[in-house]
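Student: Make a model of this:
(one chain, ligands or ions: 1)
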Amino acid sequence: IFQKPSQVKEGKVTWKEGEPVPYAALVAAFSEIQATTKRLEITEILTQFLIRVIKRSPDNLLQVTYLCINRLCPDYEGLELGIGESLLIKAIAQSTGREVPRIKKDLEAQGDLGLVALSSRKKQPTMFQVSSLKVPAVFKQLREIAAVSGNKSQDRKIGIIKKLLASCQGEEPKFLIRSLEGKLRIGLAERSVLVSLARAVVISRLGKRVERMSQEELARKLEEGTELVKAVYSELPSYDLVVPALLASGTEGLRDACKLTPGVPLKPMLAKPTKAITEVLDRFEGKAFTCEYKYDGERAQVHYLDDGRLLVFSRNSENMSVKYPDLVEQIPRCLEPSVKSFVLDAEAAAWRKAEVDPQTGKAEPARLLPFQELSRRKRKDVKAEDIKVKVKLFGFDLLYLNGQPLLGMSLAERRKLLRQHFKPVEDEFDFARSEDCTSVEEISTFLENSVKEGCEGLMVKMLDGPDSTYEPSRRSMNWLKLKKDYLSGTGDSLDLVVIGGYYGKGKRTNVYGAFLLACYDADSESYQSICKIGTGFTEADLDAHYTTLKALEITSKKGYYDVGDAKPDVYFDAKVVWEVLTADLSLSPVYTAAKGLVDHRGISLRFPRFIRPRGRYWS
Ligand code: ATP
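Tutor: Predicted coordinates:
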């Protein structure tokens, strides 16, 4: 598929070497990408565009990359787009002189605010010749919009958006508004951006040498470069660090320049579900493996930097240090003096200390509390004196120690280092309980015990050899999870997005009584409806959901909601994720999940039951 540089096409919009990338050039690439659904073609279009960027404006490569993945910074910095619909409607109205109700009507008809912005402008003749937008300026202003907070922040955001819209030409308003909404919808997955970036860097650095290479040799170089960039990025997921390193030393120098670094959270390794203990034995037969308690808390990736800073990151790389000031205070006590820096993989679980029950006078042993106790904690501005539920940390893996990444070591070696350099502290820290079981009976007893002690079940992990290295961001066969729920036949839970609500009746009159859930289909970039859910909620849950979701109500169904025949009373912005259990899957003429994959009907859930919120809007 790759064409040699002499065949690299010039884009529709060109610019001179040394000048900033025109926003119109990026938008032209987006339009071209949107016109195809073929992944290889998408990669090719973006690769060619990035080659031009590297040649003419290498300083803009980072901003271009961020605009392609619709982000503004690494996840852990927490600056995000995803501006609410009503604010964008106001900005479009003010910049085009159209009335809000007309824009809302257009939105209902077109289902895409980007298209509405485009057509609104076309109706509005521009009186002045405007200067063309450049990528660095657009990026800077998007960051400003995302960062504005406090008094009059809405007006200030609208002010910047209006100014940007006023300078837009051609298709720019469409993509600008979509970027602001946080949904580019051109079928450009982050994976493809990463691959294109790697290919563009390889080609650019080979320069004229490419012309003398055979297609096979070139294909091999591209493949090697791509694999390397992917591996390095999963260890150090920060374009802020990876892009400059790629520009400075190409893919060859990347391994030395970019390594797991305390302060930059890596995407955690995940486990595959298993339905039976025999399945575990089938997988690990004849190999060394270990079983660990699967604690029911929140994943905590703890980073300790040379300068003494201690940071706690969530499973999704959010900085949780403000949610867990108690953990930050506690952790140094479990370190041996030998420790200078580390990255620890652990589970933070709610914990009750041993106490004498004031009612009965009986001594109650210390114990794990259910996850719900932890989810009640606020996510921000938590003050140590307000904390009611104690947190205990259970360490299960060590990924970095005193300047050295440990990812390539076996689990047995990593575990040894963990136990050498950390020590249990009562009510504060312990190693995840483990046992190297070998038979169904042993695993079964250990599983029973884990559940009795308040855990979800077991994690079973490859212990030795090359298959026991730490695989960032992979859901790996080398980690299996064995939950008690699976054994009772209910299977794994599902994480689903709340996209609609149904007004409550009777006791539920003042809140939503049921909700429409959807799953995200990355191929079509759409949310597909999967079920209506009204079970598993306490009254307090329903009140909390009402408060959270009311603020996310939108004017009409988004163009990328594929709901089939489901008819909720209101729609929500897709921002809230719930964990849901189901008795079984069923085919449904109403819902659209996986439609066409196994049947002409979609898939739905039988007896769906709410378990807990999963997304970032936890109360
Ligand atoms: P789940 O709903 O099962 O937590 P998940 O998709 O969040 O699913 P999985 O890979 O399926 O993640 O399960 C691993 C999760 O279990 C980890 O993210 C971690 O939070 C938790 N956990 C608890 N104890 C352990 C342990 N000993 N080793 C690894 N993970 C553990």
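Student: Paired strands for the host helix or strand of Leu585, with orientation please.
Tutor: Assigned by DSSP states H and E, Leu585 belongs to strand 584-588. If you go by DSSP bridges, strand 584-588 pairs up with strand 602-606 (antiparallel).
Student: Please enumerate residues in contact with stretch 539-552?
Tutor: For stretch 539-552, the surrounding residues in contact (C-beta atoms under 8 Å, 6 or more residues apart in numbering) are 498, 501, 504, 507-508, 510-513, 515, 537, 572-573, 575-576, 610, 617, 619. To be clear about C-beta, it is placed using only N, CA and C from the backbone, and glycine gets the same treatment.
Student: what are the phi and psi angles of Glu224?
Tutor: Dihedral pair for Glu224: phi -60, psi -50, per degrees, to the nearest 10.
Student: I'd like the distance between it and the ligand.
Tutor: Using C-beta to the nearest ligand atom, to the nearest Å, Glu224 is found at 30 Å from the ligand.
Student: which residues touch that residue?
Tutor: Applying C-beta under 8 Å, 6+ apart, we find Glu224 in contact with Thr251.
Student: now check stretch 447-460, is it near the ligand?
Tutor: Yes - using C-beta under 6 Å from any ligand atom, stretch 447-460 comes into contact with the ligand via Met459.
Student: Pull the residues that contact that stretch.
Tutor: So stretch 447-460 is contacted by 271, 274, 277, 280, 284, 289-296, 367-370, 396, 432-433, 443, 446, 479-487 (C-beta under 8 Å, 6+ apart).
Student: tell me how far the ends of that stretch are from each other?
Tutor: Between the opening and closing residues of stretch 447-460 lies a distance of 11 Å (C-alpha to C-alpha, to the nearest Å).
Student: Who are the contact partners of the nearest residue to Leu236 once chain neighbours are set aside?
Tutor: Spatial nearest neighbour of Leu236, chain neighbours left out: Cys258 (4.8 Å); criterion: C-beta to C-beta, 6 or more residues apart in numbering. The contact partners of Cys258, by C-beta under 8 Å, 6+ apart, come to 232, 235-236, 241-242, 245.
Student: biggest separation within those residues, which pair?
Tutor: Greatest spacing in the contacts of Cys258, by C-beta to C-beta: Glu235 and Ala245 (12.4 Å).
Student: Pick out whichever of these two has more residues nearby.
Tutor: More crowded of Glu235 and Ala245, by other C-beta atoms under 10 Å: Glu235, with 23 against 18.
Student: three-state assignment of the closest residue to the more buried one other than its chain neighbours?
Tutor: Excluding its sequence neighbours, the residue lying closest to Glu235 (C-beta to C-beta, 6+ apart) is Leu260, at 4.8 Å. Taken by DSSP: H, G, I helix; E, B strand; the rest coil, the conformation at Leu260 corresponds to coil.
Student: Just the ones of the contacts of stretch 447-460 in strands?
Tutor: Among these, the members found in strands (DSSP state E) are 271, 289-294, 367-368, 396, 479-483.
Student: Buried only: go through the residues you listed for me.
Tutor: The neighbour count (16 or more other C-beta atoms under 10 Å) marks 271, 289-294, 368, 396, 479-483 as buried among the ones in strands among the contacts of stretch 447-460.
Student: Keep only the ones in strands among the contacts of stretch 447-460 that also lie close to the ligand.
Tutor: Counting by C-beta under 6 Å from any ligand atom, the members of those near the ligand are 271, 292-294, 396, 481.
Student: For Ala432, see how far away the residue of the stretch 451-600 of the chain found nearest the ligand is.
Tutor: As assessed by C-beta to the nearest ligand atom, the ligand sits closest to Met459 within the stretch 451-600 of the chain, at 4.1 Å. Using C-beta to C-beta, to the nearest Å, we find Met459 at a distance of 8 Å from Ala432.
Student: Just say helix, strand or coil for the residue in the chain sticking out farthest from the centre.
Tutor: Within the chain, the residue lying farthest from the chain centre (C-alpha atoms, centre = their mean) is Gly361, at 47.4 Å. Three-state assignment for Gly361 (three-state DSSP): coil.
Student: Show me which residues of the stretch 451-600 of the chain sit near the ligand.
Tutor: So far as C-beta under 6 Å from any ligand atom goes, the stretch 451-600 of the chain lies against the ligand at 459, 481, 493.
Student: And the pLDDT at the closest residue in space to Leu266 that isn't next to it in sequence?
Tutor: Nearest residue to Leu266 in three dimensions, chain neighbours excluded: Pro472, at 4.6 Å (C-beta to C-beta, 6+ apart). For Pro472, the pLDDT comes out at 95.
Student: Next: Gly506.
Tutor: Per-residue pLDDT puts Gly506 at 83.
Student: who's in contact with it?
Tutor: Counting by C-beta under 8 Å, 6+ apart, there are no residues that Gly506 touches.
Student: Please enumerate the helices of the stretch 451-600 of the chain.
Tutor: 484-487, 539-550 (DSSP state H, counting those that start in this stretch).
Student: and the residue nearest to Lys267 when sequence neighbours are not counted, what does it touch?
Tutor: Residue nearest to Lys267 in three dimensions, not counting chain neighbours: Ser473, with 3.4 Å by C-beta to C-beta, 6+ apart. Counting by C-beta under 8 Å, 6+ apart, Ser473 touches 234, 237, 266-270.
Student: Gly408 now?
Tutor: Applying C-beta under 8 Å, 6+ apart, we find Gly408 in contact with Thr469.
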